[in-house]
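Q: Here is my input; please provide its structure:
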Amino acid sequence: MSENVTSIVVVAGETSGDLHGSALIKELKLLNPSLHFFGIGGNRMKEEGVSLVEHVDEMAVMGFTEVIWKYPFLKEAFIRLIKIIEKRGAARAILIDYPGFNLRLARKLSQKEIPVTYFISPQLWAWKEKRVKIIKNCVDNILCIFPFEERWYKERGVEATFIGNPLIEQQDCEVTKTVFFDTYELKEKRTTIALLPGSRQQEVDRHLPIMIDTIRLLSYEGLKIQGVIGQAPAVSLNAYDVSDMVVVKEKPQLALRFADVGIVSSGTASLEAAIYGTPTVVIYKMSGVSWIVARFLATVSFASMTNLVAQKQVFPELLQRQAKASNISSSLRSIIESSSIRNQMLSDMAYVREKLGSPGAVKRAARIIHDRLT
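A: Next up, the predicted model:
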């Protein structure tokens, strides 16, 4: 089999994409060990043997104004990737979310007659719906991880398949709560609050100070609590005084899994909270200009994927100016002190987990992609 037939280009521009991409590549290699992968990803994809053209740590941006500052680098990375694709060839491209970069790439790949699978579809249903034309014209098939996406795309003439959500696999855990608490010297009788400020440094810098202030405010108000920070691999906490909290660097999601309640940045962590059954408050802040643009373009009622899947507010959302310690602490107190609020949230999270499909999403995705290679 020639290199042109066995080479696949994979592009993930963010940490979550690197996680899902590595799992998909692992399954594809089990189906066909001769496959070779190259493209853009992170450490997990590299561990699966992907030849990286660029690392996700350099690609991740948040907001609209931030993209402008990053544009020269992103353009250079795009050109470099195209040149490598032209040199090596590819039997297929697998694009993982990251729509600003990947939709442009899909157009270019279509011109070169390289078939494209979009694994973890871009959230065009949330904003910029007109870009669905690019998907329709340039993407061979699209694999959706949220139940409402398949119908949304099919109504617009796009072949789409709901494969389930890869995060549902995280329901099982090799580590017990007792072991986790012993490892980090946490106290069982204290209310444990998980803090997940985000996977990008910009997110951490905007969210972590507010989260820390919230924990200290609750302590000042007399609650017996302990804060546990889940630190994403690519971020630093050196600028912050976290001496009175526990920091979990290895498998930071465990902080959320074993907490009584959580404060998380809107994103993957908000959905993980529902999967773990951890009642949570969702926050998010961006630059003022980015916030105005997002409000103008958004066509959905919620920021959190948990709320979007449930089509109702499961988790309180405190965005932009509402994301301050007094508001967050008030929401957390309601969850901690009211059994009715907590029980309703637990019921809603169970409904969301059911909607996310059965385990095996990545295996199903790998089989669909592999079948199109033969």
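Q: low pLDDT regions in the stretch 101-250 of the chain?
A: Filtered on pLDDT under 70, the stretch 101-250 of the chain yields the residue ranges 171-172.
Q: the strands in it, which residues?
A: 116-119, 141-144, 160-162, 191-196, 225-230, 246-248 (DSSP state E, counting those that start in this stretch).
Q: contact partners of the helix or strand that the last one is followed by?
A: Put plainly, it is strand 246-248. Read in the C-terminal direction, the helix or strand following strand 246-248 is helix 253-257, with elements assigned using DSSP states H and E. By Cβ atoms under 8 Å, 6 or more residues apart in numbering, the surrounding residues in contact with helix 253-257 are 170, 173, 175, 180, 194-196, 228-230, 246, 248, 262, 264, 269, 272-273, 276, 278, 280. C-beta coordinates here come from the backbone N, C-alpha and C atoms, glycine included.
Q: again, only using 6 Å
A: Helix 253-257 is contacted by residues 180, 194, 196, 228, 230, 248, 262, 272-273, 276, 278 when judged by Cβ atoms under 6 Å, 6 or more residues apart in numbering.
Q: Mind listing residues that contact the following helix or strand past it?
A: Next helix or strand after helix 253-257 toward the C-terminus (DSSP H and E): strand 261-265. For strand 261-265, the surrounding residues in contact (Cβ under 6 Å, 6+ apart) are 193-198, 203, 207, 211, 256, 270, 273, 278-282, 332, 335.
Q: 7 Å instead, please
A: Strand 261-265 is contacted from outside by 193-198, 203, 207, 211, 214, 256, 270, 273, 278-284, 328, 332, 335-336, using Cβ atoms under 7 Å, 6 or more residues apart in numbering.
Q: What about those residues, which are in helices?
A: Assigned to helices by DSSP state H, the following of those qualify: 203, 207, 211, 214, 256, 270, 273, 328, 332, 335-336.
Q: Among those residues, which one has the most neighbours?
A: Using other Cβ atoms under 10 Å as the contact criterion, the top neighbour count among the ones in helices among the contacts of strand 261-265 goes to Ala273, which has 31 neighbours.
Q: Would you check how far apart that residue and Pro279 are?
A: The gap separating Ala273 from Pro279 is 8 Å, by Cβ to Cβ, to the nearest Å.
Q: Surely Ser304 is in contact with Gly267?
A: No: in this structure, Ser304 sits apart from Gly267 without contact. The criterion is Cβ atoms under 7 Å, and the distance is 8.7 Å.
Q: who's more crowded, these two?
A: In this view Ser304 and Gly267 are compared by other Cβ under 10 Å, and Ser304 has more residues nearby, 27 against 22.
Q: Next, the contact list for Phe315, please.
A: Residues in contact with Phe315 (Cβ under 7 Å, 6+ apart) are 270, 280-282, 304, 306-307.
Q: Would you convert those into JSON lines that also reports pLDDT?
A: Formatted as JSON lines, the entries for the contacts of Phe315 read as follows, by pLDDT from 0 to 100:
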{"residue": "Ser270", "pLDDT": "93"}
{"residue": "Thr280", "pLDDT": "98"}
{"residue": "Val281", "pLDDT": "98"}
{"residue": "Val282", "pLDDT": "98"}
{"residue": "Ser304", "pLDDT": "92"}
{"residue": "Thr306", "pLDDT": "96"}
{"residue": "Asn307", "pLDDT": "95"}
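Q: Which of these sits closest to His36?
A: Each of the contacts of Phe315 was checked against His36 using Cβ to Cβ; the closest is Ser270, at 35.3 Å.
Q: Would you confirm that the closest one contacts Ala303?
A: No: under the contact definition of Cβ under 7 Å, Ser270 does not touch Ala303, with a separation of 8.2 Å.
Q: Quickly list what's touching both of the two.
A: Common contact partners of Ser270 and Ala303 (Cβ under 7 Å, 6+ apart): Val282.
Q: Could you export stretch 236-253 as PDB, CA atoms only?
A: Once non-C-alpha atoms are left out, stretch 236-253 reads as follows in PDB (Å, rounded to 0.1, in the frame of the first residue of the first chain):
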ATOM      1  CA  SER A 236       0.600  27.900  34.700                       C
ATOM      2  CA  LEU A 237      -0.700  28.900  38.100                       C
ATOM      3  CA  ASN A 238       2.600  30.600  39.200                       C
ATOM      4  CA  ALA A 239       1.100  34.100  39.200                       C
ATOM      5  CA  TYR A 240      -1.500  33.100  41.800                       C
ATOM      6  CA  ASP A 241      -1.500  32.400  45.500                       C
ATOM      7  CA  VAL A 242      -3.100  28.900  45.800                       C
ATOM      8  CA  SER A 243      -1.200  28.000  48.900                       C
ATOM      9  CA  ASP A 244      -4.500  27.300  50.800                       C
ATOM     10  CA  MET A 245      -5.800  25.000  48.100                       C
ATOM     11  CA  VAL A 246      -5.000  21.600  46.600                       C
ATOM     12  CA  VAL A 247      -3.800  21.600  43.000                       C
ATOM     13  CA  VAL A 248      -4.300  18.500  40.900                       C
ATOM     14  CA  LYS A 249      -2.000  18.400  37.800                       C
ATOM     15  CA  GLU A 250      -2.200  14.700  36.900                       C
ATOM     16  CA  LYS A 251      -5.700  13.900  35.700                       C
ATOM     17  CA  PRO A 252      -7.200  17.200  36.700                       C
ATOM     18  CA  GLN A 253     -10.700  16.000  35.900                       C
END
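Q: Off-centre distance for it?
A: Here the centre of stretch 236-253 is set off from its chain's centre by 20 Å, with Cα atoms, centre = their mean, to the nearest Å.
Q: in that stretch, what counts as buried?
A: By neighbour count on 16 or more other Cβ atoms under 10 Å, the buried set for stretch 236-253 is 237, 240, 242, 245-248, 252-253.
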